[in-house]
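>>> Show me how the following folds:
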Amino acid sequence: MTETADGKRLRVVLAEDSVLLREGLLRLLADAGFDAVDACGDAESFLRSVAEHEQDMVVVDVRMPPTFTDEGVRAALVVREQHPDVAVLVLSQYVEENYATELVAGRTRGVGYLLKDRVADVAEFTETLQRVAAGGTALDLEVVSQLLSRARRTDPIERLTPRETEVLKLMAEGRTNTAIAQALVVTEGAVEKHVSSIFSKLDLPPTEHDHRRVLAVLTYLEHAAQES
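Model (predicted):
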């Protein structure tokens, strides 16, 4: 899909600091049927461009001037937050797990994270552009592989402090915050802070349907089963 419902070509804003790659991507976008309305060399000008245009999609390099660390992906996150209807495709030279995870957290529609090497396969890259523009998700297979590998090797309970682990153990026993406070001889306020920290460290953000207390307990029980 490279056209909107009214038949117009999908509009794209590109952010890439390498002149050669930027020009190559512009030609590729045009050949694929997209309308590249602007091409920027840094994150600041990219965000200004997004504010000025009515784009359907952005394609952004992870590392951009001035520090070449995370300016690009941070700008992509701003677009995702402020322009939820705009599809976001991030390009990266290397697999950077934290950036990939942060990009898809909270929104899995119209988002993609792809290694720059994939651009060389024009057919595959074009298909990825079209899928993300249509509201789909595209995660590079290398990214998926590393994320799964990290998940297998990382026990989330290890992120907790000894006191937080103790609080979670009492939660697993079905105790309320009041009962936990009495057992540990602390205030309920202290317990609430521990519980909030536990949710954060176990990557359990508030949702409409999931009960974080139950999910935290299930994570603890899984950990206990593996330890036994």
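>>> Could you break the chain into its assigned domains?
Under the assignment automatic domain parsing, the domains of the chain span 11-150, 156-227.
>>> could those domains be laid out in a markdown table, adding mean pLDDT and mean neighbour count?
(Glycine included, C-beta is placed from N, CA and C.) Below are the domains of the chain laid out as a markdown table (pLDDT from 0 to 100; neighbours: other C-beta atoms under 10 Å):
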| stretch | mean pLDDT | mean neighbour count |
| --- | --- | --- |
| domain 11-150 | 88 | 18 |
| domain 156-227 | 87 | 15 |
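>>> going on from the helix or strand encompassing Val73, what's the next piece of helix or strand?
According to DSSP states H and E, Val73 maps onto helix 71-82. In the C-terminal direction, the helix or strand that comes right after helix 71-82 (DSSP H and E) is strand 87-92.
>>> Parallel or antiparallel, list what pairs with that next one.
Its sheet considered, strand 87-92 pairs with strand 57-61 (parallel), strand 111-115 (parallel) by DSSP bridges.
>>> any idea how far Glu96 is from Pro156?
20 Å (C-beta to C-beta, to the nearest Å).
>>> same check, this time on Thr137
Taken as C-beta to C-beta, the span from Thr137 to Glu96 is 18 Å.
>>> Could you do Val111 as well?
In terms of C-beta to C-beta, Val111 sits 15 Å off from Glu96.
>>> Now do the SS call for the residue lying closest to Gly41 once chain neighbours are set aside.
Excluding its sequence neighbours, the residue lying closest to Gly41 (C-beta to C-beta, 6 or more residues apart in numbering) is Asp17, at 5.0 Å. Here Asp17 is recorded as coil under DSSP: H, G, I helix; E, B strand; the rest coil.
>>> can you give me phi and psi for Asp17?
With angles defined as degrees, to the nearest 10, Asp17 sits at phi -80, psi -30.
>>> give me the element Val12 is part of.
Using DSSP H and E, Val12 falls in strand 11-15.
>>> Show me what the following helix or strand past that strand is packed against.
Once the chain leaves strand 11-15, the next helix or strand it forms, by DSSP H and E, is helix 19-31. Contacts defined by 3 or more C-beta pairs under 8 Å, 6 or more residues apart in numbering; DSSP states H and E place helix 19-31 against strand 11-15, strand 35-40, helix 122-133.
>>> The longest one to helix 19-31, inter-axis angle?
For helix 122-133 against helix 19-31, the angle by axes from the mean of the first three to the mean of the last three C-alpha atoms, to 10 degrees is 70 degrees.
>>> quick one: helix 122-133 to strand 11-15, angle?
Using the same axes, to 10 degrees: helix 122-133 against strand 11-15 is 110 degrees.
>>> Distance check, the closest residue in space to Glu16 that isn't next to it in sequence against Val191.
Residue nearest to Glu16 in three dimensions, not counting chain neighbours: Arg22, with 4.2 Å by C-beta to C-beta, 6+ apart. Distance check for Arg22 against Val191: by C-beta to C-beta, it reads 53 Å.
>>> What of Leu202?
16 Å.
>>> Same check on Asn177?
On the measure of C-beta to C-beta, Asn177 and Val191 end up 5 Å apart.
>>> what about Val50, helix or strand, and which?
Val50 is part of helix 43-52, with elements assigned from DSSP H and E.
>>> Chain neighbours aside, what residue packs nearest to Asp42?
In space, Asp42 is closest to Pro65, 4.5 Å off (C-beta to C-beta, 6+ apart).
>>> Check the gap between that neighbour and Thr187 for me.
In terms of C-beta to C-beta, Pro65 sits 49 Å off from Thr187.
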